[in-house]
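[1] Predicted model follows, preceded by the sequence.
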Amino acid sequence: MQFRQQALAKLQSPEELDLPVRLARPQGWLALGVTVVVMAAASVWAVTGSVASTVGAQAVLTHGQGSYLLQSPVAGQVTAVLAEQGERLPAGAPVLKVRTGQGETVVRTVAAGRITALAATIGQIVQTGANVASVEKVAHASDPLYATVYVPAESAAAIPAHAPVDLTVSSVPAQRYGVLRGHVKTVDRAAQSPQSIAAFLGDSQLGEQFTRKGRPVAVLVALDRSASAKSGYRWSSAEGPPYRLDSMTLASGSIKLADQRPVDWLLP
């Protein structure tokens, strides 16, 4: 009953045509202004901005020329091991002696390098072509290290020249010393087989490991040098680890891809 009386009273009262009409409250104007500014900023960013993306993959620290597998040219029994693991040898240096039916044969290095692994022991019977040692092709101790990152083949085309690379080294605590800095030197456009990776690294197990998800592309990364760091290379932390890095150390690499314009993927 009360609502009916109010309705009748409103019908009988004259229209208040002289009073101003409020279209929006101040809070509404503020919200509208903020919305317009945000939309304008988004439009400018969509046209002029860019989106940075990265690709991550397994990596290994090596010297630039890689390694090779030293194979026995004859079948027979190993009678002497003439080299030690970690020893640096010139080309043609003796590594093993193998006794055959025609006498003893000396297995020698093909190129100068450092013995990273010995697969033969005294008394062992080896066949022709058997892997007896892994030799890293490095002539001097001061030769710089590189990183080889094995990225998925579908991501290789998006890697620009000199792209920055961050490397998390397995032997260096990243929480304390950060990541190792570098930049792309070359991108091998051909996909790598387990055999080609094993031939370059001198390790058949790594060849299998890096190709479990398909044949990758090898990206050679030059490490940024630092005279003040004890490792000789630049890190995301102030000085990096207080020791030098060893070759054949595993790592994981994050490579920055070419920047993409957001309008390319925002619009259908």
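    Thanks, I have it.

[2] where does the closest residue to P152 other than its chain neighbours land on pLDDT?
    Nearest residue to P152 in three dimensions, chain neighbours excluded: P216, at 6.0 Å (C-beta to C-beta, 6 or more residues apart in numbering). Where C-beta positions appear, they are placed from N, C-alpha and C, glycine not excepted. Listed pLDDT for P216 reads 95.

[3] pretty sure P216 is touching P194, no?
    No. Assessed by C-beta atoms under 8 Å, P216 is found out of contact with P194, at 10.5 Å.

[4] I'd like to know which helix or strand in this structure has the lowest mean pLDDT.
    helix 262-266 (a mean of 50; mean pLDDT, DSSP states H and E).

[5] all strands of the stretch 51-200 of the chain, in order?
    54-63, 67-71, 76-81, 88-89, 94-100, 103-108, 113-118, 125-126, 131-136, 145-152, 164-169, 180-191 (DSSP state E, counting those that start in this stretch).

[6] Those strands: which one's closest to A198?
    strand 67-71 (7.2 Å; C-beta to C-beta).

[7] Next, the angle from the closest one to strand 131-136.
    160 degrees (axes from the mean of the first three to the mean of the last three C-alpha atoms, to 10 degrees).

[8] buried stuff in strand 67-71?
    Neighbour-count burial for strand 67-71, counted by 16 or more other C-beta atoms under 10 Å, picks out S67, Y68, L69, L70, Q71.

[9] Please determine how far H162 is located from I255.
    According to C-beta to C-beta, to the nearest Å, H162 and I255 sit 11 Å apart.

[10] So for these two, which residues contact both of them?
    Common neighbours of H162 and I255 are listed as V184 (criterion: C-beta atoms under 8 Å, 6 or more residues apart in numbering).

[11] neighbour count winner among those two?
    Per other C-beta atoms under 10 Å, whichever of H162 and I255 has more neighbours is I255, with 28 against 9.

[12] Tell me the strands beside the helix or strand harbouring that one, with direction?
    Using DSSP states H and E, I255 sits within strand 249-256. The sheet places strand 249-256 alongside strand 54-63 (antiparallel), strand 164-169 (antiparallel), with pairing taken from DSSP bridges.

[13] worst average pLDDT in these?
    strand 54-63 (a mean of 91).

[14] Flag every buried residue along it.
    V55, A57, Q58, A59, V60, L61, T62, H63.

[15] Equivalent analysis for stretch 211-228, please.
    Buried-residue list, stretch 211-228, by 16+ other C-beta under 10 Å: T211, R215, P216, V217, A218, V219, L220, V221, A222, L223.

[16] Tell me how far it lies from the chain's centre.
    Relative to its chain's centre, stretch 211-228 lies at 6 Å (C-alpha atoms, centre = their mean, to the nearest Å).

[17] Only alpha carbons, please: show it as PDB.
    Extracted in PDB, the C-alpha atoms of stretch 211-228 (Å, rounded to 0.1, in the frame of the first residue of the first chain):
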ATOM      1  CA  THR A 211      69.500 -37.400 -29.900                       C
ATOM      2  CA  ARG A 212      66.900 -39.000 -27.700                       C
ATOM      3  CA  LYS A 213      64.300 -36.500 -28.800                       C
ATOM      4  CA  GLY A 214      65.300 -36.300 -32.400                       C
ATOM      5  CA  ARG A 215      68.300 -35.100 -34.400                       C
ATOM      6  CA  PRO A 216      69.300 -31.700 -33.100                       C
ATOM      7  CA  VAL A 217      71.300 -28.800 -34.700                       C
ATOM      8  CA  ALA A 218      74.700 -27.900 -33.300                       C
ATOM      9  CA  VAL A 219      75.100 -24.300 -32.200                       C
ATOM     10  CA  LEU A 220      78.600 -23.200 -31.500                       C
ATOM     11  CA  VAL A 221      78.800 -20.600 -28.700                       C
ATOM     12  CA  ALA A 222      81.800 -18.400 -28.000                       C
ATOM     13  CA  LEU A 223      82.200 -17.800 -24.300                       C
ATOM     14  CA  ASP A 224      82.600 -14.100 -23.200                       C
ATOM     15  CA  ARG A 225      86.000 -13.600 -21.700                       C
ATOM     16  CA  SER A 226      86.800 -11.800 -18.400                       C
ATOM     17  CA  ALA A 227      90.300 -10.900 -17.200                       C
ATOM     18  CA  SER A 228      89.100 -10.400 -13.700                       C
END
